[in-house]
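Engineer: the sequence and its predicted three-dimensional model are supplied below.
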Amino acid sequence: MEHVPPHDRPQAVAGFTLMEVVVVVAILALLAGVVVPVFRSVQQDGQASKILAVVDTLKKATEKHFADSGRLAIEYSPSPAGAYTGATHHRLSIVQTYANWRGPYLDHPLTRADNPFQNAVYVYQSLAISQTGGGFNLTGGPADTHTGTGQCVVFYGVPDTVAKRVDEALDKNIPGDWQATGRAEYNGNGVLAVYLMSGQ
């Protein structure tokens, strides 16, 4: 029997048929249709959780600051142009000279990194800011129940899907339009305002 060298043996034809390629592509498309929405939902849950954690930290900090000093605080993330970096705009985190300030009340000055969308986040001294239409409706009734002085935090650049998750966590038992009632109010243009405390 004649010995055939390995390189002279007939080789099986490698590759896929058109039908096999079509089946693989269809399976990949089906998997992407399932995996991408699940990934997006998990990502949005994480973004909402980060906002809720920042809100909880700021609520405790503003309440403690007010109890110590009798004053309302402001805490602004710096702007890209370099504004809002000094102590005047960081009354919860940078040493202040007014009476009974016993902070810092935050472990770091507020920054854009505290917003999961890397956008501005501001703690205001008034509940009557334009983002909320003049106040907060904490009961779901026909009018705002908390107006005037107080503390709220505003996150900019928040998509409605994430804002709705924050609202569901804070306001699940409050009737009415989710965007206009409860502790979390959303103006539909990426601005999420969350009530922290009244100023009385």
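Structural biologist: Arrived safely.

Engineer: going forward, measure contacts and count neighbours with C-alpha atoms only.
Structural biologist: Fine.

Engineer: can you give me the strands in the protein?
Structural biologist: All strands of the chain, identified by DSSP state E, fall at 75-76, 121-126, 135-136, 146-147, 149-156, 184-186, 191-198.

Engineer: distance to Val24 added to those, as CSV?
Structural biologist: Output for the strands of the chain, formatted as CSV (distance: least, Cα to Cα, whole Å):
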stretch, distance to Val24
strand 75-76, 52
strand 121-126, 46
strand 135-136, 53
strand 146-147, 58
strand 149-156, 42
strand 184-186, 43
strand 191-198, 43
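
Engineer: out of these, which comes closest to Ser93?
Structural biologist: strand 75-76 (7.9 Å; Cα to Cα).

Engineer: what residue lies at the spatial centre of this protein?
Structural biologist: Ile51 (3.8 Å; Cα atoms, centre = their mean).

Engineer: quick one: contacts for it?
Structural biologist: 114-116, 166 (Cα atoms under 8 Å, 6 or more residues apart in numbering).

Engineer: ok, now Asp107?
Structural biologist: Taking Cα under 8 Å, 6+ apart, one finds Ser93 in contact with Asp107.

Engineer: can you pull out the helices in the chain?
Structural biologist: 18-69, 160-171 (DSSP state H).

Engineer: can you say which of the ones you listed is packed in most?
Structural biologist: helix 160-171 (a mean of 19; mean count of other Cα atoms under 10 Å).

Engineer: show me where this structure dips below the pLDDT cut-off.
Structural biologist: Low-confidence segments of the chain (pLDDT under 70): 1-14, 26-27, 29-41, 130-132, 200.

Engineer: how close does Pro159 sit to Gly46?
Structural biologist: According to Cα to Cα, to the nearest Å, Pro159 and Gly46 sit 13 Å apart.

Engineer: next one: Ala128
Structural biologist: For Ala128, the distance to Gly46 - Cα to Cα - is 29 Å.

Engineer: next one: Gly150
Structural biologist: 28 Å.

Engineer: please apply the same query to Ser198.
Structural biologist: 28 Å.

Engineer: go on, Tyr105?
Structural biologist: 25 Å.

Engineer: coming back round to it: which one of the contacts of Ile51 is nearest Val23?
Structural biologist: Pro116 (39.0 Å).

Engineer: so that closest one is in contact with Ser49, correct?
Structural biologist: No: Pro116 lies out of contact with Ser49 (Cα atoms under 8 Å); the separation is 9.5 Å.

Engineer: what's the closest of the helices of the chain to Val154?
Structural biologist: Of the helices of the chain, nearest to Val154 by Cα to Cα is helix 18-69, at 9.6 Å.

Engineer: burial of His108, as a residue count?
Structural biologist: Neighbour count for His108, taken as other Cα atoms under 10 Å: 11.

Engineer: for it, which non-adjacent residue is spatially closest?
Structural biologist: Ser93 (5.9 Å; Cα to Cα, 6 or more residues apart in numbering).

Engineer: ditto for Leu52
Structural biologist: Val166 (6.7 Å).
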